[in-house]
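> the amino acid sequence is not available; the structure is as follows:
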């Protein structure tokens with residue numbers, strides 16, 4: 001089934017673009033998993049991590065939109081079939097099909113949302129655990145001292161990049177994190193806690 005890696009949604013055959021984000025769909029979810037395992041991005045850009053809670057919210061919103069559109073078109077089709085609205089057989093058939101496709105998409109999207117909802121607590125616990133570990137193990141001053149020992153004097157923007165790189169390196173070398181985009185997002189959050197709070 002066609003698959004959107006950004007929204008983590010599957011679509012019925014024949015659909016080529018994601019109805020939620022507008023991105024091009026991949027051939028299947030399995031092909032996306034294979035590409036990620038080999039570090040390949042089909043979109044030509046790095047993956048941007050979307051938290052499970054955000055993904056759940058996006059999926060629920062998409063499911064509601066599909067349901068609204070599908071219901072409206074289905075009601076219109078029923079009115080045509082009941083001859084309340086005059087339409088020929090072809091128009092009736094097209095309206096029926098156009099009503100059923102979004103209803104099916106709403107069902108699939110809602111099912112995906114339920115799967116993602118079950119993963120939110122686990123992801124939040126892991127993020128909290130990693131954040132607590134890092135903040136208990138390192139301080140901003142310690143990281144800066146290490147960077148300045150290795151690189152000497154740096155301009156502020158160079159120092160910011162070195163800080164972020166060091167945080168990412170420490171997370172990845174101390175914990176097995178399979179998703180690089182998750183490690184990047186976690187590093188950015190930690191950077192904010194160490195240097196901007």
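Arrived safely, thanks for sending. Predicted model, so just to flag it, every value in this text is computed and none were measured.

> make it CA atoms for all contacts and neighbour counts henceforth
Noted.

> from the chain's centre, how far out does stretch 93-112 sit?
22 Å (C-alpha atoms, centre = their mean, to the nearest Å).

> helices along this structure, start to end?
Ranges of helices in the chain, per DSSP state H, are 29-37, 52-81, 89-137, 140-151, 156-174, 180-195.

> JSON lines for those, including mean neighbour count and distance to residue 1?
Output for these, formatted as JSON lines (neighbours: other C-alpha atoms under 10 Å; distance: least, C-alpha to C-alpha, whole Å):
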{"stretch": "helix 29-37", "mean neighbour count": "14", "distance to residue 1": "7"}
{"stretch": "helix 52-81", "mean neighbour count": "19", "distance to residue 1": "17"}
{"stretch": "helix 89-137", "mean neighbour count": "16", "distance to residue 1": "12"}
{"stretch": "helix 140-151", "mean neighbour count": "13", "distance to residue 1": "46"}
{"stretch": "helix 156-174", "mean neighbour count": "15", "distance to residue 1": "33"}
{"stretch": "helix 180-195", "mean neighbour count": "17", "distance to residue 1": "25"}
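
> how many neighbours does residue 25 have?
Residue 25: 24 surrounding residues under other C-alpha atoms under 10 Å.

> shouldn't it be in contact with residue 1?
No - if you go by C-alpha atoms under 8 Å, residue 25 and residue 1 don't touch, sitting 9.5 Å apart.
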